[in-house]
Structure formats: C-alpha cells, structure tokens
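*Asks:* Turn this into a model:
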Amino acid sequence: MQKNDQPLYTRSFLLLCTSFALFGASFNMIIPELPAYLSSLGGAEYKGLIIALFTLTAGISRPFSGKLADTIGRVPIIIFGAVVCILCSLIYPVLTTVSGFLLLRLLHGFSTGFTPTAITAYVADIVSEKRRGEAMGIIGISINLGSSIGPFVGSYIAVYESLNLMFYVSSGIALLSMLLLLNMKETLAQKQAFHPRLLLLKRNEIFDSGSIIPAIACGLIYLGFGAIITITPDQSVHLGMVNKGAFFTSFTLCSILSRLVAGRLSDIYGRVVAIRISAVMLAIAFVLMGMSQSPTWLLASSGLVGFSLGVGIPALFAWTIDRSEIEHRGKAMATLYIGLEVAIGSGALLGAAIYDNNFANFSTTFNVIAVFPLIALLFLWKETDVVLAD
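*Replies:* Numbering: from 1, shown residues only. Next up is the predicted model:
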C-alpha cells in the first residue's frame, strides 16, 4: 500500500524516466525515414503497414505482457521489450526486401507491447494515489522527450551519414535504456518463476473489465495519431521541410509542455474533465493540420496536436489505474494499451487509404480523423471518475 505523502522523485522513478526516454528515442528515431526507405525497396504501396504491423503485434502482446508483469514481475518485462528493440534495429540493414522489412516491423512491435505496460505498472506501484496523474504525466514526458529528439537525430544521421548508421544508433540507445534498469528493485510482492504455461491465457486474463471504458476512449482519441505518423513525412516534404523529424519534434515538445502545465489537471479537477478538454482541442488541431500551407503552419498545428494529447493521455492512464485493483495493474495497463495500439494501427491504415499517395487528399484525411475525438467526447458524456482505494 502506498503512502500519500511519499516523494515522487525517487531514484527508482528518475531511473525509469531516463530509461523510458531512451526507449522512446530508440524506436521513434527511425520512423520519419521508414516511408522513403520502404519506397526505395519497392514497397511504396505498403506505407500504411509500417505502423499497422508494428501496432498489431504490440496490441496482440499486451494481454501476455500484462499477465506476465503481474506474475513474474515488472522488471523482466521491461527488459524484454528493450531487447527486442536492440535486435530489430540491428537487423533492419540486413533484411533489404519488402517482405523482410514488413516482417521486421511485425516483430519490432513486441518492444512496445511489453516495456510500456510494465513501466506504467511499476510507476503505479511506487507513487502515491494523490500524485498519480502527475506521475503519469511525468513518465509520459520522459518517453515524449526521447520521441521528440529521436526523430530529428535519426533524420539527421540518415541525411548526412547513412540509414544503416541510423539503425545502429537506434539499437545502441535501446541497449543503454536496458542497462539502466538491470539492478532495479522489483515491486511485485509475490513473484512466480516463468513457465510456458503462463502464456496460456484464460478468457478473464485478456482484458481488465474496469479498464475497457478508458481503453475505448483512448482508442478514439489516439486513432488520428496513426494517420499522422503515416502521412506527415510525405506532407512535410510536400511543404518543403528538409528534416522530416522536425514535425515529430514540434509535436513531442508541445506534448511535454502540456504535461508540465497540465500534469496535475486530472488530480485536481478529475480524469474525465481532462480527457474531454483534450478531445475538443485535438479535433480542432487535426482540422488545422489539414489546412497547412507552409512548414510553419504544419509545425504549429502539429504542436497543438501534441499539446492536446499531453493533456488527455496522463488522465487516461491515471483513470485506468484508479479503476483497477492493485493485483491486476499490469492487466489494466495492458487493456488500455490494446485500445491505443488498435487505434494507431487502424488510423495508419485509414490515413494511408484516404491519402492514397495523393497530396490533394491531405485535408480530407485530417478532416475525417478529426471526427474520432468528438466521438470520444460523446462516449464520455455521462462518465464520471471512479477512484478505487489501494
């Protein structure tokens, strides 16, 4: 049981934040260059699968990572996800066919299927209930910080050095994120040794019933992000931006800013209030992205998207923990992440289908995805905060 007066910025929390930032930098730094890389391999028509395949395995693996985090421990699951990042980034330069690339994207998804589930469960274990929303905001800042710097650095390396070096640097950063946590103290009180039978899921082990509503809301809010990361590299080039990673940097820095400014918003006014505010802002931001006529406009609107998500996502994470039982926190976070991954994958496919490699379709694509946060707003219309005491 947590004490509500315990400090937030402990050594364990700071190590988790640093590791999560490096983890985010590792797999995000290659994203801006992947559409062009796939096109160079002869697979331009498969751009939508770059994100969709990644999120497919991430989503499928969530029930397993949630169960394992609640049985064998948080730390082994965090480490496993980092190892996947290390190996996949090393293999990208070797698999130079379209089918090989797509297979690797499928495998790479296991990294985010495991590490974030266990890290957020670990954070929930070590922070007080009264600062849970703030803590989720800070841990989100961490991965967003890595995600903001990573794409810019990755594109710089790809442009001025080589794609292969970009992949190797990505692998090295993932290795560093893992090394930071090797001596972390496990927070799961009653651990089990791993056994293959733990991979056999019962029906009630796939989803946490109390987390389904937050997962649906998260999916509706995050669907547009899948479309964004699929088509904005092309939109950036179309508008004359040399470094395609600049878009992601603007997006993520503004997300970090909102978490600093509104990190405790849900702790003070409630989780659902913060999520509703986020949904309205996000719908407006998507429409503005579709209207972008210059790099400056695109960067500003992408920043608004990041700011909007930075308001809502920590609240969704904290709301999920509020509604879960302490012994099922891994499963609860896995359920939320399933909603997120399904949304990102679906958004990638939807965005690629509407865009259809035609620059004239940017506005239509963003107008369509702007509808989904508004659906989330309606979905949450009668919802209220439910806090379960530890």
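*Asks:* Now stretch 325-339: buried residues?
*Replies:* 326, 328-339 (16 or more other CB atoms under 10 Å). All C-beta atoms are positioned from the backbone trio N, CA, C, and that covers glycine.
*Asks:* actually stretch 10-23, sorry about that
*Replies:* Ser12, Phe13, Leu16, Cys17, Thr18, Ser19, Phe20, Ala21, Leu22, Phe23.
*Asks:* quick one, helices of the stretch 101-250 of the chain?
*Replies:* 132-160, 163-179, 212-238, 245-262 (DSSP state H, counting those that start in this stretch).
*Asks:* want to throw those helices into a markdown table with mean pLDDT, mean neighbour count and distance to Asp125?
*Replies:* Below are the helices of the stretch 101-250 of the chain laid out as a markdown table (pLDDT from 0 to 100; neighbours: other CB atoms under 10 Å; distance: least, CB to CB, whole Å):
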| stretch | mean pLDDT | mean neighbour count | distance to Asp125 |
| --- | --- | --- | --- |
| helix 132-160 | 84 | 24 | 11 |
| helix 163-179 | 95 | 20 | 19 |
| helix 212-238 | 88 | 24 | 19 |
| helix 245-262 | 78 | 23 | 21 |
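*Asks:* do you know which of these lies nearest Ala285?
*Replies:* Across the helices of the stretch 101-250 of the chain, Ala285 has its closest neighbour in helix 212-238 (8.8 Å, CB to CB).
*Asks:* out of the buried residues of stretch 325-339, which are inside helices?
*Replies:* In helices, defined here by DSSP state H, the members of those are Arg329, Gly330, Lys331, Ala332, Met333, Ala334, Thr335, Leu336, Tyr337, Ile338, Gly339.
*Asks:* For the residues you listed, give me TSV that also has pLDDT and distance to Cys218.
*Replies:* Shown next, in TSV, are these (pLDDT from 0 to 100; distance: CB to CB, whole Å):
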residue	pLDDT	distance to Cys218
Arg329	83	16
Gly330	83	17
Lys331	86	15
Ala332	88	12
Met333	83	11
Ala334	84	12
Thr335	90	10
Leu336	89	6
Tyr337	84	8
Ile338	86	9
Gly339	89	5
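*Asks:* a markdown table for those residues, including distance to Thr112?
*Replies:* A markdown table is the format used below for these (distance: CB to CB, whole Å):
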| residue | distance to Thr112 |
| --- | --- |
| Arg329 | 18 |
| Gly330 | 15 |
| Lys331 | 17 |
| Ala332 | 17 |
| Met333 | 12 |
| Ala334 | 12 |
| Thr335 | 15 |
| Leu336 | 13 |
| Tyr337 | 8 |
| Ile338 | 12 |
| Gly339 | 14 |
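*Asks:* got the angle for the lowest-mean-pLDDT helix or strand in the chain vs helix 132-160?
*Replies:* Ranked by mean pLDDT, DSSP states H and E, the weakest helix or strand in the chain is helix 245-262, scoring a mean of 78. Put simply, helix 245-262 runs at 160 degrees to helix 132-160, going by axes from the mean of the first three to the mean of the last three CA atoms, to 10 degrees.
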